[in-house]
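Asker: Dropping the sequence and predicted coords here.
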Amino acid sequence: MSSSISSSDPWKRFFRTIAGAAAIGAGALYLFVVLVDPFDILPLSPPLNRVPVASNQRYSYPTIARSQKFDSAVFGTSSSRLLRPAVLNPAFDARFANLAMNDATVYEQTQLFGVFARAHPAPKALIVGLDYCWCVTGPDYQQLTFRSFPQWMYRKNLWAGYGEMFNLYAIQSAGQLFGILIGIKKPDQGLDGYTSFVPPDDTYDRTRAQLHLTTSIPAVPVGTRSGPPSTWEYPTMAPLRAMLTGMPASASKVLFFVPYNRHMLTEPGTEAQAVWDECRRHVVDLAKTVPQTLVIDFMFHNPITDNDDNYWDGVHYRIGVGDRLAHDFAAAERGEVSADYRVLWPPASK
């Protein structure tokens with residue numbers, strides 16, 4: 001009996017050694033992650049020249065939304081991500097962050113807006129790109145996608161983040177940021193949220209783009225509908241109202257229906273077109289109640305949407321079009337008329 005116990009002691013020591021080494025390694029790895037702080041959000045982070053590294057913007061944008069470097073912001077999906085702050089800033093005399101996220105739901109956009117609004121009690125301008133997710137019908141709308149959404153980053157108590165940093169995504173992001181900090185990797189995302197996710201414009205391939213465009217189909221918001229259009233429910237109008245009323249009355253508020261390519265536009269007289277038209281009406285009715293709100297429509301046949309050379313695919317335009325939109329926003333605010341857009345609200349002065 002005693003010899004059996006004795007013979008097992010080396011194994012016990014071996015497993016204790018392995019367990020101890022694993023614990024020390026895990027602790028060191030955790031310490032590395034929280035010191036690097038790849039999302040630049042932990043309360044006790046050492047001062048480092050961090051840049052956004054997360055491929056999922058839902059992890060990078062809360063910190064940008066809190067930054068006092070900005071006094072204005074863009075919200076939306078990828079159809080608004082190519083609006084460059086460098087062009088918007090002089091057009092609005094503001095300092096913009098582009099906080100539009102790939103495939104962002106209305107819930108995700110409003111959560112991010114809440115972060116921005118709490119950090120900026122006196123912002124100058126708000127731009128919201130309205131696409132299919134803002135015009136769904138029925139009693140409710142989708143809140144999340146298959147992409148991870150870190151709820152803790154959007155709350156006031158960021159100390160909870162110390163319990164959220166020991167996972168593969170945080171470790172991977174910490175490694176990427178560390179590579180940038182020591183100079184062996186170049187940053188590939190903008191400090192103001194803007195990052196071009198389309199190929200370089202000088203590599204534009206008209207034939208390939210045309211293939212994407214001709215396989216595009218009209219974009220129709222999802223949802224349940226019955227009865228005449230005037231009775232349809234648009235559940236996203238409540239969160240949109242909350243965003244607008246969360247801004248000071250003096251702040252500029254621009255709501256724009258994004259410029260889908262002509263292949264994605266719906267046909268007049270169809271239910272699909274009625275969904276969009278009724279959504280426009282709801283947005284205008286909302287804008288009428290909020291000071292300094294401009295509603296611009298680019299989602300119709302116009303010089304932008306009818307020119308296929310402006311697009312990589314049915315949703316994503318080229319960078320030059322994003323710059324053109326920025327100038328169009330400012331022109332519309334000045335009351336100027338253009339074939340590019342229709343001002344839905346306020347009515348033109350006579």
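Answerer: That came through, no problem.

Asker: how about the lowest-mean-pLDDT helix or strand in the chain: buried residues?
Answerer: Counting by mean pLDDT, DSSP states H and E, the weakest-scoring helix or strand in the chain turns out to be helix 2-36, with a mean of 79. Neighbour counts over helix 2-36 (16 or more other CB atoms under 10 Å) mark 33-34, 36 as buried. Where you see a C-beta, it was placed from the backbone N, CA and C, and this is true even at glycine.

Asker: how far away is Ser250 from Gln172?
Answerer: 43 Å (CB to CB, to the nearest Å).

Asker: Of those two, which one has the most company?
Answerer: It is Gln172, of Ser250 and Gln172, that has more neighbours when counted by other CB atoms under 10 Å, with 15 against 10.

Asker: Look up phi and psi at Cys133.
Answerer: Main-chain torsions, Cys133, degrees, to the nearest 10: phi -70, psi -20.

Asker: how about the nearest residue to it, chain neighbours excluded?
Answerer: Val106 (5.5 Å; CB to CB, 6 or more residues apart in numbering).

Asker: likewise Pro218?
Answerer: Thr266 (4.6 Å).

Asker: same thing with Gly114?
Answerer: Counting by CB to CB, 6+ apart, the residue nearest Gly114 is Tyr154, at 6.8 Å.

Asker: Please enumerate the helices of this protein.
Answerer: Secondary structure of the chain (DSSP state H): helices located at 2-36, 57-66, 85-92, 106-119, 168-181, 206-214, 237-245, 271-287, 319-333.

Asker: now the stretch 101-250 of the chain, which segments are flagged as low pLDDT?
Answerer: For the stretch 101-250 of the chain, no stretch has pLDDT under 70.

Asker: What are the contacting residues of stretch 136-149?
Answerer: Stretch 136-149 is contacted from outside by 56, 58-59, 102-103, 105-108, 111, 133, 169, 221-225, 232-236, 275, using CB atoms under 8 Å, 6 or more residues apart in numbering.

Asker: One more pass at 7 Å, please.
Answerer: Residues from elsewhere that reach stretch 136-149 (CB atoms under 7 Å, 6 or more residues apart in numbering): 56, 58, 103, 105-108, 221-225, 232-236, 275.
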